[in-house]
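Engineer: Take this sequence and fold it.
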Amino acid sequence: MTMESIDLTTGLVLVCSFLLSLLCLRTWVGHRGRPDKFPPSPPGLPLLGNLLSLIREPHLQLTAWRRRYGDVFSLRMGPQDVVVVNGCAAIKEALVMKGAHFSDRPALFLTETSQSQKGIIMKKYGADWKSFRRFGLSSLRYFGVGKKTLEPSIQQECRRLCQSFEGMDGEPFDPCRFLQIATGNVINAIALGRRFEPNDPDYQEQLERTDVAFKLFLQAQILNFYPTLRYVPGLRGMLKKWKEVYILSVQWFQKIIDDHKTTFDPSVIRDVTDVCLLELHQNKGSNTFLKEENTWHIVGDFLAAGTETTATTLSWALLYLALNPAWQRKVQEELGIVVGSDEISPYSRREELPYTEATILESQRIRTTVPLSVPHCTSSPTSLQGYDIPAHTQVWVNLWSVHMDPAYWSQPDTFDPGRFLDDNGRVQVPESFMPFSTGRRICLGEQLAKMELFLFLTSLLQKFTFKLPEGAPVPDMSGEIGVTLLPKPYKLQAMSRKTSM
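Structural biologist: Numbering: from 1, shown residues only. Okay, here's the model as predicted:
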């Protein structure tokens with residue numbers, strides 16, 4: 001062995017020893033900094049803590065730990081503590097009763113790399129966030145969210161979606177991308193003032209980038225706690241992909257924004273992008289809360305959240321209805337009696353369609369679209385369920401634990417829309433139902449999502465009966481988790497009801 005190789009080996013050993021000592025020191029200091037009444041935690045590995053236990057199906061593992069450690073427990077994620085909040089009572093105490101303490105966002109390595117804190121979703125809690133939130137809500141309302149004026153444009157996308165399904169001629173197909181494009185075009189019209197055709201290659205690539213980002217956020221989770229591991233092969237590749245998705249998305253959005261700038265007319269506001277440009281135009285040179293660099297992040301938040309979540313819920317709904325043909329017939333019979341088969345039911349008539357509404361609610365419950373919500377963070381020292389929690393502690397809200405809680409839901413793993421109907425057949429929604437989360441950070445697009453889910457599902461069930469291909473195995477219903485819980489790839493047949501009547 002040469003002297004150079006000995007020196008190199010010695011250097012690597014010293015560096016590794018130093019890093020190991022540093023990690024041990026940080027872990028020891030972190031434990032010493034815990035309050036006496038800090039939430040209990042499951043045992044973990046040295047240095048890594050509970051990280052490796054959450055690589056797959058973290059929502060299931062956290063819910064299992066809840067049964068042992070209670071509604072509020074902690075995890076050791078490398079050098080950091082994370083508090084996990086489970087169950088209806090604890091979540092409402094944190095996010096509603098003590099929302100001023102639990103509404104912040106943590107500084108995560110991955111989201112800071114993509115500058116996500118410049119948007120609305122990952123914005124730090126405070127005066128700026130409140131301005132961003134008001135801006136987002138007023139923009140949605142301006143373009144009809146929560147009003148009847150938006151309904152015709154959604155109905156038009158419903159008709160286009162039905163045409164796409166008709167084009168499959170009853171052959172097995174994966175409906176997920178069709179649903180993603182249809183729901184995407186609703187928010188595209190609001191945020192970008194345009195829609196995209198299903199075969200548009202640039203839009204297809206942007207949807208794929210969003211899919212990758214949602215999966216990578218979980219797969220590369222360890223980097224949020226140990227950023228230095230970004231130099232390790234494998235993790236380095238994930239970070240490279242994360243950055244690539246971010247850069248290409250910026251370029252895609254920037255082109256659209258630049259096109260808006262060239263045609264911008266402050267007297268004719270076409271979409272949310274124009275609303276951003278108007279704010280910048282009217283407050284040029286002043287201390288406005290909005291900067292030009294915020295524009296694409298805000299628009300990006302609208303598109304990512306408004307596309308993925310609604311499409312995912314519809315994907316689960318169609319799959320569960322195909323597996324439960326008797327309930328599918330009940331919904332179709334109800335639609336036939338109340339609405340007919342030719343016109344899409346107006347959203348205002350949803351109270352006349354309890355089976356339909358219950359189906360949507362059960363689809364949201366049984367497969368919570370964002371099982372762990374978006375990470376929260378405490379902005380000040382606080383307490384929860386008798387435990388003391390320091391400021392700047394990352395908090396995970398386990399919505400899955402609420403929707404799968406047998407204390408509220410009998411046989412929670414069973415698809416049973418009837419659980420949302422009272423003895424008189426009217427829809428009833430228990431307090432333990434919170435698919436859009438709750439509190440100050442509740443989903444900005446809740447009203448839009450509710451309208452879309454109703455209009456898309458009713459239009460599809462009026463035109464088609466959905467079933468699994470003959471001889472196909474029962475799909476794996478566990479799903480694939482990233483930011484959202486997606487169905488594993490599956491195929492359905494959309495059989496025209498006109499030909500089968």
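
Engineer: Any stretches of this protein with poor pLDDT?
Structural biologist: Applying pLDDT under 70 to the chain flags residues 1-33, 285-287, 499-501.

Engineer: and if we set it to 50?
Structural biologist: The chain contains residues with pLDDT under 50 at 1-19, 21-22, 25, 27-30, 32.

Engineer: all strands in it, in order from the N-terminus.
Structural biologist: 72-77, 80-86, 376-377, 382-384, 387-389, 394-398, 464-467, 480-481, 485-486, 493-496 (DSSP state E).

Engineer: Just confirm residue 275 contacts residue 137, I think it does.
Structural biologist: No - with contacts counted by CB atoms under 8 Å, residue 275 stays clear of residue 137, the gap being 11.7 Å. Bear in mind the C-beta positions are built from the backbone N, C-alpha and C, glycine included.

Engineer: Tell me which of these two has more neighbours.
Structural biologist: residue 275 (23 against 16; other CB atoms under 10 Å).

Engineer: Grab the nearest non-local neighbour of that one.
Structural biologist: residue 139 (4.9 Å; CB to CB, 6 or more residues apart in numbering).

Engineer: How about residue 268?
Structural biologist: residue 274 is the one closest to residue 268 (CB to CB, 6+ apart), at 8.0 Å.

Engineer: how far away is that neighbour from residue 118?
Structural biologist: Shown here: residue 274 relative to residue 118, a distance of 19 Å by CB to CB, to the nearest Å.

Engineer: Looking at the two now, which is surrounded by more residues?
Structural biologist: residue 274 (22 against 18).

Engineer: so how far is residue 361 from the more buried one?
Structural biologist: 35 Å.

Engineer: I figured the residue nearest to residue 268 hits residue 259, correct?
Structural biologist: No - judged on CB under 8 Å, residue 274 makes no contact with residue 259 at a distance of 11.4 Å.

Engineer: ok, the closest residue to residue 309 other than its chain neighbours - contacts?
Structural biologist: Setting aside the residues directly before and after it, residue 309 is nearest to residue 369 in space (CB to CB, 6+ apart), at 4.8 Å. By CB atoms under 8 Å, 6 or more residues apart in numbering, the contact list for residue 369 reads 309, 312, 313, 435, 484, 485.

Engineer: Mark which of the residues you listed are buried, thanks.
Structural biologist: Neighbour-count burial (16 or more other CB atoms under 10 Å) applied to these gives 309, 312, 313, 435, 484, 485.

Engineer: Which ones among those residues lie within helices?
Structural biologist: 309, 312, 313 (DSSP state H).

Engineer: Closest one of those to residue 397?
Structural biologist: residue 309 (15.6 Å; CB to CB).

Engineer: Tell me who's in contact with the closest one.
Structural biologist: 369, 370, 443, 449, 484.

Engineer: ok, so what distance separates the second one from residue 399?
Structural biologist: When distances are taken as CB to CB, residue 370 and residue 399 turn out to be 7 Å apart.

Engineer: so what sits against both of the two?
Structural biologist: Shared contacts of residue 370 and residue 399 (CB under 8 Å, 6+ apart): residue 437.

Engineer: For residue 280, state which of the contacts of residue 309 is nearest.
Structural biologist: Nearest member of these to residue 280, counting by CB to CB, is residue 443, at 26.2 Å.

Engineer: how about that closest one, what does it touch?
Structural biologist: Counting by CB under 8 Å, 6+ apart, residue 443 has contacts 305, 309, 436, 437, 449.

Engineer: 7 Å instead, please
Structural biologist: 436, 437 (CB atoms under 7 Å, 6 or more residues apart in numbering).

Engineer: Phi first, then psi, for residue 435.
Structural biologist: phi -70, psi -20 (degrees, to the nearest 10).

Engineer: Tally up the residues packed near residue 258, please.
Structural biologist: 9.

Engineer: again, but for residue 227
Structural biologist: 15.

Engineer: For it, give its distance to residue 497.
Structural biologist: 54 Å.

Engineer: which residues of the stretch 401-501 of the chain fall in helices?
Structural biologist: 446-463, 497-500 (DSSP state H, counting those that start in this stretch).

Engineer: I should have written the stretch 151-300 of the chain there, sorry.
Structural biologist: Under DSSP H, counting those that start in this stretch, the stretch 151-300 of the chain gives helices at 151-166, 176-191, 201-219, 222-225, 235-263, 272-282, 294-323.

Engineer: what's the first one in contact with?
Structural biologist: By CB under 7 Å, 6+ apart, the surrounding residues in contact with helix 151-166 are 178, 182, 185-186, 189, 198, 344, 346-347, 451-452, 455-456, 459-460, 463-464, 494, 496.

Engineer: okay, the helices of the stretch 151-300 of the chain in TSV with distance to residue 335 next?
Structural biologist: Converted to TSV, the helices of the stretch 151-300 of the chain look like this (distance: least, CB to CB, whole Å):
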stretch	distance to residue 335
helix 151-166	13
helix 176-191	19
helix 201-219	30
helix 222-225	45
helix 235-263	37
helix 272-282	33
helix 294-323	13
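
Engineer: doesn't residue 314 make contact with residue 486?
Structural biologist: No - using CB atoms under 7 Å, residue 486 is not in contact with residue 314, being 11.7 Å away.

Engineer: so which of the helices of the stretch 401-501 of the chain gets nearest residue 126?
Structural biologist: helix 446-463 (22.5 Å).

Engineer: And the closest one, what's buried?
Structural biologist: So helix 446-463, judged by 16+ other CB under 10 Å, has buried residues 447-463.

Engineer: For that helix, which outside residues touch it?
Structural biologist: 140, 145-146, 154-155, 158, 161-162, 182-183, 186, 306, 309-310, 313-314, 317, 331-332, 335, 341, 344-345, 347, 350, 356, 360, 436, 496-497.

Engineer: likewise stretch 328-338?
Structural biologist: 321, 345, 349, 352-353, 355-356, 359, 458, 461-462, 465-466.
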